[in-house]
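Novice: quick one: sequence and predicted model below, then my questions.
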Amino acid sequence: MKKYIKTVIMLCLVCISSAACDQFDMSPRKKVVKEAIRSVCSQKNIEAIEPYVTESSKSLIQLAATFSKLGEATGLVQITDSIAIACADTQVKVLDEVKVSDVRYIVRARLGEENAVENFTLVLEQGNWKIALIGN
């Protein structure tokens, strides 16, 4: 019985330490991608990504939000449904990042049930890492 308890405790410690290591090992660029996805999923709103994107990308977000509101008002498109489906699998696995230059990286993340890999371009803008949807 004692050996069993020791084994369970060791397994718990390994799990806790590996989860903590993942958090500490995450680069600022990877954190931006993970936080942006979590924000959109928790708020079920396209505009929730706005703090995480570049200034030049904000107009695209506003345009998408306008079309989504119009689509929902007419009953043609339910963007919140699409977001809910995309976010149903809350597992976001940030895979890696590729350095393009000192101010530009590509972060790859595995999203959703279909395990689709998405590439996110991040650029350094006014001292902060931001997702570039357009430009830069």
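Specialist: Cool, got the structure.
Novice: so residue 39 sits right up against residue 52, yeah?
Specialist: Yes - Residue 39 lies in contact with residue 52 (CB atoms under 8 Å); the separation is 7.0 Å. Any C-beta I mention is one placed from the backbone N, CA and C, and that applies to glycine too.
Novice: more neighbours: which of the two?
Specialist: residue 52 (22 against 16; other CB atoms under 10 Å).
Novice: any idea how far residue 58 is from residue 86?
Specialist: 21 Å (CB to CB, to the nearest Å).
Novice: oh, I was asking about residue 119
Specialist: Counting by CB to CB - residue 119 and residue 58 are separated by 20 Å.
Novice: same question, residue 88
Specialist: Distance from residue 88 to residue 58, counting by CB to CB: 27 Å.
Novice: more neighbours, those two?
Specialist: Between residue 88 and residue 58, counting by other CB under 10 Å, residue 58 is the more crowded of the two (17 against 10).
Novice: let me know the helix or strand that that one is in.
Specialist: helix 55-74 (DSSP states H and E).
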